[in-house]
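one predicted model, sequence on top.
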Amino acid sequence: MSALLTDLYQLTMAAGYFEAGKTAEIATFELYVRRLPAGRDYLIACGLEQALDYLTSLRFQPEEIAYLRGLPQFSLVRSEFFDWLAGLRFTGDVDAMAEGTTFHAGEPVVRVRAPIAEAQLVETWLLAMIGFQTLIATKASRLVAAAQGRQVVEFGTRRAHSPEAGVLAARAAWVGGCSATSNVLAGMRYGIPVAGTAAHSWVLSFEHQRDSFQRLQRVLGPSTVYLLDTYDTLAAADLAVELGQPLYGVRLDSGDLNVLSRQVRQVLDEGGLREARIMATGDLDEDRIAALARAGAPIDSFGVGTSLATSSDAPALGAIYKLVELESGGVTRYPAKTSLGKETVARAKQVFRYPDHDVIGLPDEKHPGAESLLQPVLRNGRPVAHRTTRVHGIRASVPVQWSPALRVPSWTEPAGNP
């Protein structure tokens, strides 16, 4: 996590704060989403764990500082600025929503209070990490809700926007409610269950499909899942019955999944393989899954790749990070933008959640019966509690009844700048 993994203007602003003597000023920034993506009525907070790792390990290495010294943008900056960078550590406070929390546009998800240059420098990394994982966790929650109790497995690394993005997408998908991932590194790193079958290339590599099935069965035993549609789907189902146990299930990757799943289910049941599960894959999204669930297709689980790891229908999240308070010399200012369409609301805020709605207010307000969603996670740059990379306790709670715009508690918009 290089300190240079940021936008240049974060560093030029830091140099400007240093030259202007503003590094002792305490700034409060809030990270939130200005507008929900198309087709979304809620979001699932995710990515906080990686954000905290970044903040607590932020360092500028000598070779990074040497690189910055050589940039023309820093030619007029005093040498003392680079000495200051060498000793920089994040010393601020962070309050945040727990991962897996549903939230809405306009609600702060993370609040950072720190010396202004520190708070400014971390903007790019926080937006990238929390924005991406929140996007994928939300997509996963929609898929899980659409599946109506059937399992959804994340299969998207090969279509993610980089291998490491695939690892983070697997983590976010788990937070959003998926039951497993095909990404082995995510399984090891985060303790997520891993799952997988075999590709068409496995079947094609053998002269006879029977040999491919038998060899797979010898290797995997009770974990065996046959891919049925390389050639003739129903003939492959007959072969699975002939080979019998051990068998976990079969996978359908093409064709009319509603019709084929019914036909395959009948073949398996009549052949004594009633416990064998049927997984469906193949360019699935929440709408196709919901249609299959409504039709009563006998599918036990769905493997979802591209549409999940890239959130293909809404691939970007308008997360922003805005200055809302600034303390200097014992005086606090409350800055706010008034530009059309990009207005901001001054002052640090809290999100108070009631059973049926949210209220955005000031942190010291009293709202009996409401839960305060922003909770301390860092104080003076140190974690407030023990943390672990494991994500088993972090799971989103999603509605059980699917609709294209799933609803969660609404929020009450503040009336202008307090």
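Thanks, I have the structure now. Note that this is a predicted model, so its numbers are computed, not measured. Residues are numbered from 1 along each chain as shown.

distance of the residue lying closest to residue 119 once chain neighbours are set aside from residue 333?
Among residues not flanking residue 119 along the chain, residue 27 sits closest, at 4.6 Å (Cβ to Cβ, 6 or more residues apart in numbering). (Glycine included, C-beta is placed from N, CA and C.) As judged by Cβ to Cβ, to the nearest Å, residue 27 and residue 333 stand 10 Å apart.

who's more crowded, these two?
residue 27 (23 against 12; other Cβ atoms under 10 Å).

so that one lies in a strand, does it not?
Yes - assessed by DSSP: H, G, I helix; E, B strand; the rest coil, residue 27 belongs to a strand.

got the contact list for it?
113-116, 119-120, 323, 325-327 (Cβ atoms under 8 Å, 6 or more residues apart in numbering).

with residue 168 instead?
Residues in contact with residue 168 (Cβ under 8 Å, 6+ apart) are 47, 50, 129, 132-133, 136.

now with 10 Å, please.
When the contact criterion is Cβ atoms under 10 Å, 6 or more residues apart in numbering, the partners of residue 168 are 46-47, 50, 129, 132-133, 136, 160, 162, 183, 186, 190, 309.

that one looks like it's in a helix, true?
Yes - Residue 168 sits within a helix when classified using three-state DSSP.

for it, report the pLDDT, please.
For residue 168, the pLDDT comes out at 98.

how much space separates it from residue 316?
16 Å.

run through the helices of the chain in chain order.
Remark: helices assigned in the chain by DSSP state H are 8-19, 48-57, 62-69, 79-86, 116-121, 123-147, 163-175, 184-190, 200-204, 209-220, 233-243, 257-270, 286-294, 306-309.

now render those helices as JSON lines, adding distance to residue 363.
What follows is those, written out as JSON lines (distance: least, Cβ to Cβ, whole Å):
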{"stretch": "helix 8-19", "distance to residue 363": "25"}
{"stretch": "helix 48-57", "distance to residue 363": "18"}
{"stretch": "helix 62-69", "distance to residue 363": "36"}
{"stretch": "helix 79-86", "distance to residue 363": "31"}
{"stretch": "helix 116-121", "distance to residue 363": "17"}
{"stretch": "helix 123-147", "distance to residue 363": "20"}
{"stretch": "helix 163-175", "distance to residue 363": "26"}
{"stretch": "helix 184-190", "distance to residue 363": "31"}
{"stretch": "helix 200-204", "distance to residue 363": "56"}
{"stretch": "helix 209-220", "distance to residue 363": "54"}
{"stretch": "helix 233-243", "distance to residue 363": "59"}
{"stretch": "helix 257-270", "distance to residue 363": "50"}
{"stretch": "helix 286-294", "distance to residue 363": "36"}
{"stretch": "helix 306-309", "distance to residue 363": "36"}
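
for those helices, which one sits closest to residue 33?
helix 123-147 (7.8 Å; Cβ to Cβ).

show me the contacts for residue 56.
Residue 56 neighbours (Cβ under 10 Å, 6+ apart): 89-90, 94, 378, 381-383, 387.

likewise for residue 58?
Counting by Cβ under 10 Å, 6+ apart, residue 58 touches 1-3, 88-90, 118, 121-122, 125, 381.

where does the stretch 151-300 of the chain have low pLDDT?
Applying pLDDT under 70 to the stretch 151-300 of the chain flags no residue at all.

repeat that for 90
Along the stretch 151-300 of the chain, segments meeting pLDDT under 90 span 197.

thinking again about what came up before, pick out the most distant pair among the contacts of residue 27.
Using Cβ to Cβ, the two most remote members of the contacts of residue 27 are 120 and 327, lying 14.8 Å apart.

which one of these two is surrounded by more residues?
Applying other Cβ under 10 Å to residue 120 and residue 327 shows that residue 120 carries more neighbours, namely 23 against 15.

what's the longest strand in this protein?
With DSSP state E setting the assignment, residue counts place strand 319-328 as the longest strand in the chain.

quick check: angle from that strand to helix 123-147?
Between strand 319-328 and helix 123-147, the angle comes out at 140 degrees (axes from the mean of the first three to the mean of the last three Cα atoms, to 10 degrees).

and strand 319-328, what does it pack against?
Secondary-structure packing of strand 319-328 (3 or more Cβ pairs under 10 Å, 6 or more residues apart in numbering; DSSP states H and E): strand 26-33, strand 110-115, helix 116-121, helix 123-147, strand 331-333.

follow-up on the earlier one: overlap in contacts of residue 27 and residue 333?
If you check residue 27 and residue 333 against Cβ under 10 Å, 6+ apart, the residues they both contact are 323, 325-327.

buried subset of the residues you listed?
323, 325-326 (16 or more other Cβ atoms under 10 Å).

which among these gets closest to residue 226?
residue 323 (57.1 Å).

using CSV, list the CA coordinates for stretch 119-127.
Output of stretch 119-127 as CSV, limited to C-alpha atoms (Å, rounded to 0.1, in the frame of the first residue of the first chain):
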residue,chain,number,x,y,z
ALA,A,119,-7.0,14.0,6.1
GLN,A,120,-6.5,15.3,2.5
LEU,A,121,-3.8,12.8,1.5
VAL,A,122,-6.0,9.7,2.2
GLU,A,123,-9.0,10.8,0.1
THR,A,124,-8.1,9.0,-3.1
TRP,A,125,-7.4,5.7,-1.4
LEU,A,126,-10.5,5.8,0.8
LEU,A,127,-12.8,6.6,-2.1
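
what's the spacing between that stretch and its chain's center?
18 Å (Cα atoms, centre = their mean, to the nearest Å).

now do stretch 141-161
12 Å.

check contacts around the residue nearest to the spatial centre of the chain.
Geometric centre of the chain, nearest residue: residue 133, 2.1 Å, by Cα atoms, centre = their mean. Residue 133 sits next to 44-51, 99, 165, 168-169, 171-173, 175-176, 317 when contact means Cβ under 10 Å, 6+ apart.

and the residues you listed, which are buried?
Buried, going by 16+ other Cβ under 10 Å: 44-51, 99, 165, 168-169, 171-173, 175-176, 317, out of the contacts of residue 133.

all strands of the stretch 301-418 of the chain, in order?
Remark: strands assigned in the stretch 301-418 of the chain by DSSP state E, counting those that start in this stretch are 301-304, 319-328, 331-333, 350-353, 357-361, 371-372, 375-379, 382-383, 410-412.

ok, back up a step: relative to residue 9, which of the contacts of residue 27 is nearest.
Using Cβ to Cβ, residue 120 comes nearest to residue 9 of those, at 9.2 Å.
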